[in-house]
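Asker: My questions are about this predicted structure, shown below with the sequence.
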Amino acid sequence: MRLSMLDGEPRVITAGAAVLAEALDQQAVPRLGVDWRPPLPGTSQALAKVLADPRRERANEIAVGRMLSARPRLVGVRPAREVLDLPPRTFFHAGPPIDWERASGPMRGALTGAAIFEGLAADAEEAERLLVAGSVKLDSCHHHRTVGPMAGVVSPSMWMFEVVDDEHGGTAYCSLNEGLGKVLRYGAYGPEVIERLRWMGEVLGPVLAAALAVSGPIDLRSLIAQALQMGDELHNRNRAATSLFVREMAAAVVEAAPEHAAAVLRFINGNDHFFLNAGMAAGKVGADAARDVPGSSLVVAMARNGTDFGIQVSGLGDRWFTGPAGVPDGLYLGAYGPEDANPDIGDSTITETSGLGGFAMAAAPAIVRFVGGDVSDAVAATRSMYEITLAEHPVYQIPGLGFRGTPTGIDIALIARTGQLPVVNTGIAGRVAGTGQVGAGLVTPPAEAFTAALTALVEV
Amino acid sequence: MTTSTDLVEVRTGLYHDSVSLMRISQALGSRPGVTVAVVAMATELNLDLARDAGFAVPDAGPTDLLVAIRAGSEAAVKDAAEELERQFSLLAKGGQAGGERAESPPRTTRAAARAWDASLALVSVPGEHAFAEAMDAVEAGLSVMIFSDNVPVEQEVLLKERARERGVLVMGPDCGTAVVGGAGLGFANVLRPGPVGVVAASGTGAQQVTCLLDHAGAGVSHVLGVGGRDLSAAVGGASTLTALAALDADPATELIVLISKPPAPEVAEVVRRAVEELSTPVVTALLGPGQDDLTTAAEKALRALGLPVPQWPCWTVPQRAPSAELSGLYAGGTLCAEAAIIAGTGAFTDFGDDEYTLGRAHPMIDPTVRLEALGRASGVILLDVVLGHAADPDPSARLAPAIREARERGAAVVVALVGTESDPQGLRRQAEVLVAAGASVFTSNAAAAGHAASLVRSAL
């Protein structure tokens, strides 16, 4: 047999003792040094076992391969009650499962608003009584092929984006984006919120459904790829993607519903984040394709309910591993400040889970000030994510990095080894129910969610 | 009653992105005396936020810029207004330059292997963490030298299984030396290039043989370490077999020297059969009682190459043993074992053994522990000094005073000096300092041990 290292000039990666690296430098041997540091405390034994698992490498290849090859297409817009396992008096919510008792302000506010919107209660007091009494059943969106931004509350009368993965056949759902300011997903439930939800159910949803029937399915993979090259990272900036979406849909909207076209297009146009929800469903359908590969240490969900930050891992089924949701470090709207902020909330971290959002920060120079000031910080944020991901996306590329694919597929073993936690971009909800959005910024996930999952992976 | 002063103004023809403005708001809001600061484009949302905060907001549209500041005094408002201008002028300059900062180094061997075209990896992180880095290399299709010791044997077995599948070589764990394509890895002597390929389960054993060959004018093609446990029943000679086959296929290698402690019987048979099948001649040096010593192995190799066997350099000083006591204080494990067998008497300590190196550098780098032992020893003292890259840059400088003291105590001191004239420390220069301190110095460890034994015998 031939060993390739015996042929040609030696080029050495060094990890460890500086004296050995210096010895190579003295010999003028080309060398790349690893900035090695000990793994996260308490993970050494679990790491050794997980890394020794003979299934791991192939399992991760399969799992991340599915995530990368997913071909999400927006095929429809339909009422939740028709497409989801969502009987009356059941609401889904963002993040890992939670009950009213532990729910934060914006989560309670959104549940309250949904109860009013569904006609289960006439006002907030009545809604709260129902919810406190447990007469509305709550479950996690993620358990039902669904994701929701911020509080992520989905009730039967809401209309949903329906996204199908042409490659693996999966389907995923996400609600329609209400816009900014006082909206249900940020925990607001005033009359204007309910009114807007009614209009979305009566006009926006049906018009988009009819327009999609005219236009045919929309290739979200291609749209996201284009938006990345136009300066979106698809979590905190969706301006390009929303513009592209309007371009794709405008003619069909006019054709399908001329009497509502102006109102519908004006609504979408007025909300730079309109595309976020379609992008989230695209992320969800790809992440779900990567689920349930035995031995895989790939993260298939990161989600927050305003109280807990939870993750799910491909090789660990539907189990959640959680830690306390942190308060984002960000910039605040108006007179709001950190004391007004609720802990991290929402399923929109499905974007980071699939290599977008904070992971694609280098693609979005327009919002780099969220990560501390200048473009080099954004580039550094994206570069650091290559350390904890299994692959680079073949289609989602970053022009500023020479069209390198975005870092995709978080590996809990790499997180434990490097201590590098996922970079998450996020909106910030007010902590008091009914406040709405107070800012946007960056949040650090709790390390214990990842280390607990690593320990659990040893046991299966 | 508190009094406060509001500053509200609308500026036209000035646009900044919302994130920049939120940063300015934040900067103003944190100034002494300022209670609220809103600097934002005058969208409906931002106007509402300012109204909610109690400002008297004039008419303005989304292309205008709204400034609303509330502070406890006129002076504080004035101060905030000045700061506002300073912030705007900073923004107008475009803030900090964009572009990339220097790329940060990779955090794992995996990331390094993805970022750079390497031919092999050298891992010397603490033993409990070496598996992860080595596995990264193997999975990336790279051969790896594991200098680290204290690596569990089951991890070694796994790494070598995986390496066989990938067609790469795992050198180690606890592999002290290798020379690959002219690059010295770990503790490596500067050897002339030549036809001899070495496969060694013993680092210092390989160094002794190759240094003697170098004296005799015979150079090496490659020196491939395999780790001291490779020929145990558990590991089964996995790397030895790969290394033999690789050197057999290497056009630069005309003679293979295999250096090992006696293998487990079942492994010996496998290796013997593998050796028979090679087309390249093999000189086997199995170390142990009743076997050839390293010097004899080097002489056999020279004969196989058709080269004359020289007198191995030595520098003796007249010494008398004060007692029949013999202390062997070694840094090299194989040299230690060899000397113990040849001397047939005395107390030998291998300071390079795992029990002395846990959490501490190898005695070839850090002589402290051995120097302490040297300070206590009496009778005949036998030491090894190993030169080469990564070893103590001037070992004789620290040993000489201790040797002088020992001689003054009446002890006899014999040194086995393993190195070449081309080593950074210089063989001759080191020998001169050691001899001047009163030691007898031998380039052959076997000769040094024999000399020490004869001193002991003369004291009987």
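Answerer: Nice, thanks for sending it over.

Asker: what is the mean pLDDT for stretch B:341-351?
Answerer: Mean pLDDT, stretch B:341-351: 93.

Asker: Next secondary structure after the top helix by length along chain B?
Answerer: Longest helix in chain B, counting residues (DSSP state H): helix B:74-92. Following helix B:74-92 in sequence order, the next helix or strand is helix B:109-115 (DSSP states H and E).

Asker: Run the chain-centre distance for that next one.
Answerer: 17 Å (C-alpha atoms, centre = their mean, to the nearest Å).

Asker: Same check on stretch A:352-359?
Answerer: The chain centre lies 7 Å from the centre of stretch A:352-359; the measure is C-alpha atoms, centre = their mean.

Asker: In space, what's closest to B:A439 - neighbours in sequence excluded?
Answerer: Distances taken as C-beta to C-beta, 6 or more residues apart in numbering or on different chains put B:V413 closest to B:A439, at 4.2 Å, once the chain neighbours are dropped. In short, each C-beta sits where N, CA and C put it, glycine included.

Asker: Quick check, that neighbour in contact with B:F442.
Answerer: No - the criterion here is C-beta atoms under 8 Å, and B:V413 misses it with B:F442 at 11.8 Å.

Asker: domain ranges for chain A?
Answerer: Listed domain ranges for chain A are A:1-36, A:58-67+A:292-459, A:72-280 (source: automatic domain parsing).

Asker: Now render those domains as JSON lines, adding mean neighbour count and distance to chain B.
Answerer: As requested, the domains of chain A are exported to JSON lines (neighbours: other C-beta atoms under 10 Å in any protein chain shown; distance: least, C-beta to the nearest C-beta, whole Å):
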{"stretch": "domain A:1-36", "mean neighbour count": "19", "distance to chain B": "3"}
{"stretch": "domain A:58-67+A:292-459", "mean neighbour count": "23", "distance to chain B": "3"}
{"stretch": "domain A:72-280", "mean neighbour count": "21", "distance to chain B": "5"}
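
Asker: how about those domains, which one is nearest B:G288?
Answerer: domain A:1-36 (28.6 Å; C-beta to C-beta).

Asker: how far does the closest one sit from the chain's center?
Answerer: 39 Å.

Asker: how far does it stretch from start to finish?
Answerer: Domain A:1-36 has an end-to-end distance of 32 Å (criterion: C-alpha to C-alpha, to the nearest Å).

Asker: same check, this time on stretch A:378-398
Answerer: Termini of stretch A:378-398 sit 12 Å apart (C-alpha to C-alpha).

Asker: circling back: for the longest helix of chain B, packing partners?
Answerer: strand B:5-11, helix B:18-29, strand B:34-41, strand B:65-71 (3 or more C-beta pairs under 8 Å, 6 or more residues apart in numbering or on different chains; DSSP states H and E).

Asker: List of residues touching it?
Answerer: Residues outside helix B:74-92 that contact it (C-beta atoms under 8 Å, 6 or more residues apart in numbering or on different chains): B:5-7, B:14, B:16, B:20, B:24, B:27-28, B:31-34, B:37, B:39, B:67, B:69, B:71.

Asker: Could you list the buried residues of that helix?
Answerer: For helix B:74-92, the neighbour count (16 or more other C-beta atoms under 10 Å in any protein chain shown) marks B:A76, B:V77, B:D79, B:A80, B:A81, B:E83, B:L84, B:Q87, B:F88, B:L91 as buried.

Asker: Then stretch B:123-142?
Answerer: Buried residues in stretch B:123-142 (16+ other C-beta under 10 Å): B:123-140, B:142.

Asker: still on that earlier bit, would you list the helices and strands packed on helix B:74-92 in JSON lines and tack on distance to A:P106 and mean pLDDT?
Answerer: Listed next are the helices and strands packed on helix B:74-92 as JSON lines, based on distance: least, C-beta to C-beta, whole Å; pLDDT from 0 to 100:
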{"stretch": "strand B:5-11", "distance to A:P106": "30", "mean pLDDT": "92"}
{"stretch": "helix B:18-29", "distance to A:P106": "20", "mean pLDDT": "81"}
{"stretch": "strand B:34-41", "distance to A:P106": "22", "mean pLDDT": "90"}
{"stretch": "strand B:65-71", "distance to A:P106": "25", "mean pLDDT": "93"}
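
Asker: Minimum distance to A:D165: which of these has it?
Answerer: Smallest distance to A:D165 across these (C-beta to C-beta): 33.4 Å, for helix B:18-29.

Asker: Could you list every helix and strand in contact with that closest one?
Answerer: Where contact means 3+ C-beta pairs under 8 Å, 6+ apart, helix B:18-29 is packed against strand A:329-332, strand B:34-41, helix B:74-92.

Asker: if we compare those, which one ends up closest to A:T426?
Answerer: strand A:329-332 (7.7 Å).

Asker: Which secondary structure state is assigned to the closest residue to B:E139 other than its chain neighbours?
Answerer: Leaving aside its sequence neighbours, B:E139 sits nearest to A:E57 (C-beta to C-beta, 6+ apart; 5.8 Å). Counting by DSSP: H, G, I helix; E, B strand; the rest coil, the backbone at A:E57 sits in helix.
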